[in-house]
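# after the sequence you'll find the predicted model.
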Amino acid sequence: MTARILDGKSLAMQIRKEIAAEVVTLIEQRGIVPCLAAVLVGDDPASHVYVRNKEIACEKAGLQSRLFRMPATTTTSELLELLAQLNSDAKIHGILVQLPLPKQINERKVLDAVLPAKDVDAFAPENVGLISQGRPRFLPCTPHGVLQLLGRCEIETAGKEVVVVGRSDIVGKPLVSMFLQKTGPLGPTNANATVTCCHSQSTDLAEITRRADILVVAIGKANFITADMVRPGAVVIDVGINRLGDKIVGDVDFEAVSQVAGAITPVPGGIGPLTIAMLLQNTLAAAKSVQAQPQA
């Protein structure tokens, strides 16, 4: 068996075209240009690449982007002061704080300080709570990308057994919540799963992962999932991004698992491009939610 390759890159391009068309309509009808503010603290090379990719994506979709660079010596209070300014700027609709932050900064305090209506990463406690209640303001970008990929590739989750490996606040936990909902971003067939979450304290991990109709891996360990951990014919979604020498690989041993799985995402070119597309979609949604100004 050779797995079907789920091409996130081409799907992300399609979604970005849809977003670009909506941006044109928003500008024509309401004169609002969606604007994303990215805050980059320090000199992490990978963060610089990520932010630049997001800037390019904004430009191609017709959104504005503004980059705020701060030195690696920035304090929590200095960063909070900048965020207060961005929160109050009516021309900025979405705020992205690029992670990781330098060790001296209180990350939780910073993420909590972003106005929920501009929290396009959906990290704020209010937005997390809305997701768990099935009435999201925004969906977190990477989990949303996973659901868009499954739905648009006509892979239903309703009634399926889904196993999520990883319990991070960014991917694992929100994905579990989203799979459990009665409806998803693409309707009821894009939710309603039976979900198991595995983590560092799970025993006999391979036995659990082999139960999955859909296996989502976001654990941050290169080539961690091997062929013997996957049920033949399962759908495997690899969220991991790891550097091995001069190669970028996922959390799944792609060459081996693709001979067992029914469908699989590559790394790179799988979920990564969709994460950026969903960031643009959330920024557009934030701009759309702006209330019309009363006439003088």
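Yep, it's here.
# for Gly240, give me phi and psi.
Torsion angles at Gly240 (phi, psi; degrees, to the nearest 10) stand at phi -70, psi 150.
# now it. Nearest residue, chain neighbours left out?
Residue nearest to Gly240 in three dimensions, not counting chain neighbours: Asp251, with 3.0 Å by CB to CB, 6 or more residues apart in numbering. Using the backbone N, CA and C atoms, a C-beta is placed for each residue, glycine as well.
# so what's that neighbour up against?
By CB atoms under 8 Å, 6 or more residues apart in numbering, the contact set of Asp251 is 165, 217-225, 238-240, 242.
# now Leu40
Neighbouring residues of Leu40 by CB under 8 Å, 6+ apart: Ser47, His48, Val51, Leu67, Phe68, Arg69, Met70, Gln98.
# same check on Ile5?
By CB under 8 Å, 6+ apart, the contact set of Ile5 is Ser258, Ala263, Ile264, Thr265, Pro266.
# 7 Å instead?
By CB atoms under 7 Å, 6 or more residues apart in numbering, the contact set of Ile5 is Ile264, Pro266.
# restricted to buried residues, select the contacts of Asp251 in ChimeraX.
In ChimeraX, this line selects whichever of the contacts of Asp251 come out buried by 16 or more other CB atoms under 10 Å:
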select :165,217,218,219,222,223,224,225,238,239,240,242
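# restricted to helices, list the contacts of Leu40.
Using DSSP state H, Ser47, His48, Val51 are the members of the contacts of Leu40 that sit in helices.
# columns distance to Gly145 and neighbour count on top of the residues you listed, output as TSV?
Below are the ones in helices among the contacts of Leu40 laid out as TSV (distance: CB to CB, whole Å; neighbours: other CB atoms under 10 Å):
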residue	distance to Gly145	neighbour count
Ser47	19	17
His48	22	14
Val51	18	19
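# output those in a markdown table; the columns should cover distance to Pro232 and pLDDT.
Shown next, in a markdown table, are the ones in helices among the contacts of Leu40 (distance: CB to CB, whole Å; pLDDT from 0 to 100):
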| residue | distance to Pro232 | pLDDT |
| --- | --- | --- |
| Ser47 | 39 | 89 |
| His48 | 41 | 88 |
| Val51 | 40 | 92 |
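# could I get the residues you listed as CSV with distance to Leu139?
Shown next, in CSV, are the ones in helices among the contacts of Leu40 (distance: CB to CB, whole Å):
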residue, distance to Leu139
Ser47, 23
His48, 26
Val51, 21
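# who does the longest helix belonging to the chain touch, helix- and strand-wise?
Longest helix in the chain by number of residues (criterion: DSSP H): helix 8-30. For helix 8-30, the elements it packs on are helix 45-61, helix 141-152, helix 271-288, judged by 3 or more CB pairs under 7 Å, 6 or more residues apart in numbering; DSSP states H and E.
# contacting residues around stretch 20-37?
By CB under 7 Å, 6+ apart, stretch 20-37 touches 58, 61-66, 68, 86, 91-96, 120, 283-284, 287-288, 290.
# I'd like the helices and strands packed on helix 8-30 as a markdown table, with distance to Arg4 appended.
Listed next are the helices and strands packed on helix 8-30 as a markdown table, based on distance: least, CB to CB, whole Å:
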| stretch | distance to Arg4 |
| --- | --- |
| helix 45-61 | 26 |
| helix 141-152 | 12 |
| helix 271-288 | 16 |
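# so for Gly233, which of these sits nearest?
helix 141-152 (15.3 Å; CB to CB).
# and that closest one with helix 271-288, angle?
If you take axes from the mean of the first three to the mean of the last three CA atoms, to 10 degrees, helix 141-152 sits at 100 degrees to helix 271-288.
# for helix 141-152, C-alpha coordinates in CSV please.
Taking Å, rounded to 0.1, in the frame of the first residue of the first chain, the C-alpha atoms of helix 141-152 are listed here in CSV:
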residue,chain,number,x,y,z
CYS,A,141,-4.5,28.3,13.2
THR,A,142,-2.8,24.9,13.1
PRO,A,143,-5.7,22.9,14.4
HIS,A,144,-8.0,24.8,12.0
GLY,A,145,-5.6,23.9,9.2
VAL,A,146,-5.9,20.2,10.2
LEU,A,147,-9.7,20.3,10.0
GLN,A,148,-9.7,22.3,6.7
LEU,A,149,-7.3,19.7,5.2
LEU,A,150,-9.5,16.8,6.3
GLY,A,151,-12.7,18.4,5.2
ARG,A,152,-11.5,19.6,1.8
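# many thanks, have a good one.
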